[in-house]
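Quick one, structure for this:
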Amino acid sequence: MASGYLCLQLHAHLPFIRHPEYESFMEEDWFYEAVIETYVPLLQVYESLVNDGVDFRITMSITPPLCEMFVDSLLQDRFVKKLEKLIELSNKELERTKNTDFFATATMYNKKLTSCYDTYVYKYNKNLINGFKHFQDIGKLEIITCGATHGFMPLIGVSKNAINAQVEIATKNYFKHFGKYPNGIWNAECAYNPGLEESLKKWGIRFFFVDTHGILYAEKRPKYGIFAPLYCKNGVAAFGRDVESSKQVWSANEGYPGDEDYREFYRDIGFDLPLDYVAPYIHSDGIRVMTGFKYYRISGKNVEKLPYNPEFAQNKAKMHASNFRFNREKQIEYLSTIMDREPIIIAPYDAELFGHWWYEGPDFINYLCREIHSSNIVKMITPSEYLKKHPVNQVSTPSMSSWGNKGYMEVWLNNGNDWVYRHYHECIDRMVELANKFAYTNDPLLKRVLNQMARELLIAQTSCWAFIMTTGTTVEYAMKKVKGHLNRFLDLYNMVYSTIDEDYLKECEWRDTIFQEIDYKSYSDEHVRERS
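This is a model prediction of the structure:
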């Protein structure tokens, strides 16, 4: 019997990016990089743990857009071609780095890319949903959902219909991929505003997560702080993020990923080597981009970067996993003296931290699961398991909150991105108008128009676009996505009241294939009132 529990929650999300109109598209690389560096390595870690008899529990929110990209045949085939080119590059790198300090790292890349190919193509038949579903089915993962397109709920929540659509479409999409409905949800950006739980409960959601202050500033002071869930008044549970475990991983100054022996993210041969050598492996227009071949370690501040040493990095990952376990045990030893139940420590992270940003992150998870497997003090648990074990909890309403800078909405609502919301709200009103007006239409062409309108609106609402406008990374692309989808939405809206251009509709459907099962009536008043 453990004294307390750790809930490791990995939030797996990418915005829906698919551009069949181009032979290659730079932003699609976000997906390919994540598959190579995060999602295949995580599945390989899970497989290794199961094969070695290590009992573990991990919670993952796999968002509907990411699920749809996992199963998209165009992206699958493009990814395989990308991977084949990288394997070709890895073979060239073995020759280039022979008899240098970089050869061990080049060998590592060659083995990892080849293993990734075998896992992706042969083990999971190019569909990683097969892998994640398998580990959920055998009881090692709890996979939860997210809003349909990662919409920032508090800022589109002026319309209950819009919130209902995000939740209804998400839960039905989850069923399509996993064969059952989800127990939990990760609200995009960990954002919550009071009342959201009503839409969640209607679609069978039993729990969600909030940031620390969402629990600590709840309507009634939480007796156990963030170390036990709160029930909202309708019985949906809220779990709060633990500050200490987050800081150890997230903090730029104190977190493990900043260790000098870990791989340096920003030094990549796509920028370091001559253009004629890397040209076949970067963007087809000759734009230098990351290739994933990085040969230096962090080394420290204001010093010359040293060659990466895979053995040193593995040793640090083991040491940090042991330290993380030790710190959680000390937390639990104290908490168990002041609580009448086992505490639960909620440690949520973006999944892509592990592997993409922190290259050794999947190894850390592997070592951590093995460490905790041997612990008598802390065990891993999922939210559903904890609620089953402790069904009676304090009732209170969490505070409006999100994660991100300053812990509320500032990242997603500021003078650089606030313009998007008036357009979202106007288009939501028009979508609701048509969903109600044509709730019982039998016209198949009109239904296609209305379903495509819903797709365009949902993709435009992705919170990533507002986030990008704040961080200043690919702002032009984010603005183009919002404007493009809303303009297509308005074009289709106008067609409903005039003449439907079926060729234009077909082009929209070809361009954005997300949610083939979508039902525009998710925006109707009838669906808001009662679950269909």
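
where along the stretch 201-350 of the chain do the helices fall?
With DSSP state H, counting those that start in this stretch as the criterion, the stretch 201-350 of the chain has helices at 212-216, 243-250, 269-272, 275-278, 310-335.

Turn the ones you listed into TSV, columns for mean pLDDT and distance to residue 299.
Where you see a C-beta, it was placed from the backbone N, CA and C, and this is true even at glycine. As requested, the helices of the stretch 201-350 of the chain are exported to TSV (pLDDT from 0 to 100; distance: least, Cβ to Cβ, whole Å):
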stretch	mean pLDDT	distance to residue 299
helix 212-216	97	33
helix 243-250	90	20
helix 269-272	96	15
helix 275-278	96	23
helix 310-335	97	11
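
Single out the most deeply packed of these.
Sort these by mean neighbour count, taking mean count of other Cβ atoms under 10 Å, and helix 212-216 sits at the top with a mean of 22.

C-alpha coordinates for that helix, PDB please?
Taking C-alpha atoms only, helix 212-216 is exported to PDB below (Å, rounded to 0.1, in the frame of the first residue of the first chain):
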ATOM      1  CA  THR A 212      -2.600  25.500  -8.900                       C
ATOM      2  CA  HIS A 213      -4.400  28.800  -8.200                       C
ATOM      3  CA  GLY A 214      -7.600  27.400  -9.700                       C
ATOM      4  CA  ILE A 215      -7.900  25.100  -6.700                       C
ATOM      5  CA  LEU A 216      -6.200  27.300  -4.100                       C
END
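
And the contacts of it?
Under the contact criterion Cβ atoms under 8 Å, 6 or more residues apart in numbering, helix 212-216 has outside partners 190, 192, 222, 225-226, 230, 238, 240-243, 398-401, 407.

who does the longest strand belonging to the chain pair up with?
The single longest strand within the chain, with elements called by DSSP state E, is strand 4-12. Partners of strand 4-12 in the sheet, by DSSP bridges, are strand 58-62 (parallel), strand 344-350 (parallel), strand 378-380 (parallel).

ok so, going back, out of the contacts of helix 212-216, who's the most crowded?
residue 240 (28 neighbours; other Cβ atoms under 10 Å).

ok, that residue - contacts?
If a contact means Cβ under 8 Å, 6+ apart, then residue 240 has 209-212, 214-216, 222, 225-226, 229-230, 346, 398 as its contacts.

for residue 151, same thing?
162, 166, 188, 458, 461-463 are the contacts of residue 151 under Cβ under 8 Å, 6+ apart.

what would those look like in CSV with pLDDT?
Formatted as CSV, the contacts of residue 151 follow (pLDDT from 0 to 100):
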residue, pLDDT
162, 97
166, 97
188, 97
458, 98
461, 97
462, 97
463, 97
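
what about the stretch 251-400 of the chain, any weak spots by pLDDT?
Filtered on pLDDT under 70, the stretch 251-400 of the chain yields the residue ranges 252.

related to what we said a few turns ago, of all the helices of the stretch 201-350 of the chain, which one is nearest residue 432?
Nearest to residue 432 among the helices of the stretch 201-350 of the chain is helix 212-216; the distance by Cβ to Cβ comes to 28.5 Å.

Dump stretch 56-74 to CSV, keeping only the CA atoms.
Taking Å, rounded to 0.1, in the frame of the first residue of the first chain, the C-alpha atoms of stretch 56-74 are listed here in CSV:
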residue,chain,number,x,y,z
PHE,A,56,3.2,2.1,-14.5
ARG,A,57,0.3,4.5,-15.0
ILE,A,58,0.4,7.6,-17.2
THR,A,59,-2.4,9.9,-18.2
MET,A,60,-2.3,11.4,-21.7
SER,A,61,-4.6,13.9,-23.3
ILE,A,62,-4.4,13.3,-27.0
THR,A,63,-6.3,16.1,-28.7
PRO,A,64,-8.7,15.5,-31.5
PRO,A,65,-6.6,17.4,-34.1
LEU,A,66,-3.6,15.3,-33.2
CYS,A,67,-5.7,12.1,-33.5
GLU,A,68,-6.9,13.2,-36.9
MET,A,69,-3.4,13.9,-38.1
PHE,A,70,-2.2,10.5,-36.8
VAL,A,71,-4.8,8.7,-39.0
ASP,A,72,-4.5,11.0,-42.1
SER,A,73,-3.1,9.0,-45.0
LEU,A,74,-1.6,12.1,-46.7
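
what comes up buried for it?
56-72 (16 or more other Cβ atoms under 10 Å).

tell me the mean pLDDT for that stretch?
The pLDDT scores in stretch 56-74 average 98.

Next: stretch 507-526.
pLDDT averaged over stretch 507-526 gives 96.

quick revisit: out of the contacts of helix 212-216, flag the one nearest to residue 337.
Nearest to residue 337, judged by Cβ to Cβ, of the contacts of helix 212-216 is residue 225 at 14.2 Å.

can you tell me which residues contact that closest one?
Contacts for residue 225 were tallied using Cβ under 8 Å, 6+ apart; they are 215-216, 240.

My guess is residue 189 contacts residue 413. True?
No - in this structure residue 189 lies outside contact range of residue 413 using Cβ atoms under 8 Å: 11.1 Å.
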